[in-house]
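> when you get a sec, could you give me coordinates for this:
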Amino acid sequence: MADSADRMTKAAPLYSNQHLLDFDWGTVTAAWLQKFPDPALPQVSSVETVAWNLCEENQTLHVRRLFLCHFKIPRIVERILGKKAQVVCVEEAHWDLKRRRLTVHGRNESMQNLV
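Sure, this is the predicted structure:
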């Protein structure tokens, strides 16, 4: 079986961020699992897990989630667009349980045609 990281969708070419968290594995993974709903991010109105795959042999887990977000925008912009600012984002997470590594890629699907 090919390396599971090869199957993840490539990150957006515009920028890349990397955060190495100085916390133990249990804290980081528990925080990721519990990060939504978050009252500090009221624009995120829905988070749905749409796919997951656990490979016991390689001790890896892949999770794909969709986020529906609504943003306040000026009314004149809303009139031009003809709708409220609604964005769909995809988050893909790869858990390597052997190496204790969690890699998360996220992308904005709604604005793909503007980039």
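
> what's near enough to touch residue 56?
By Cβ atoms under 8 Å, 6 or more residues apart in numbering, no residues touch residue 56. Just so you know, the C-beta spots here come from the backbone N, C-alpha and C atoms, and that holds for glycine as well.

> nope, residue 44 is what I meant
36, 37, 38, 67, 68, 69.

> dig out what the fifth one forms beta bridges with.
Right, the one you point to is residue 68. Judged by DSSP bridges, the bridge partners of residue 68 are residue 46, residue 88.

> got the contact list for it?
By Cβ under 8 Å, 6+ apart, the neighbours of residue 68 are 44, 45, 46, 47, 86, 87, 88.

> pick out the residue nearest the middle of the protein.
The centroid of the chain falls nearest to residue 91 when counting by Cα atoms, centre = their mean (2.2 Å).

> so it is in which element?
Using DSSP states H and E, residue 91 sits in strand 85-96.

> avg pLDDT for that strand?
The pLDDT scores in strand 85-96 average 91.

> buried sites along it?
Residues of strand 85-96 classed as buried by neighbour count (16 or more other Cβ atoms under 10 Å): 89, 91, 92, 93, 94, 95.

> now that strand, how far from the centre of its chain.
Counting by Cα atoms, centre = their mean, to the nearest Å, strand 85-96 is centred 3 Å from the centre of its parent chain.
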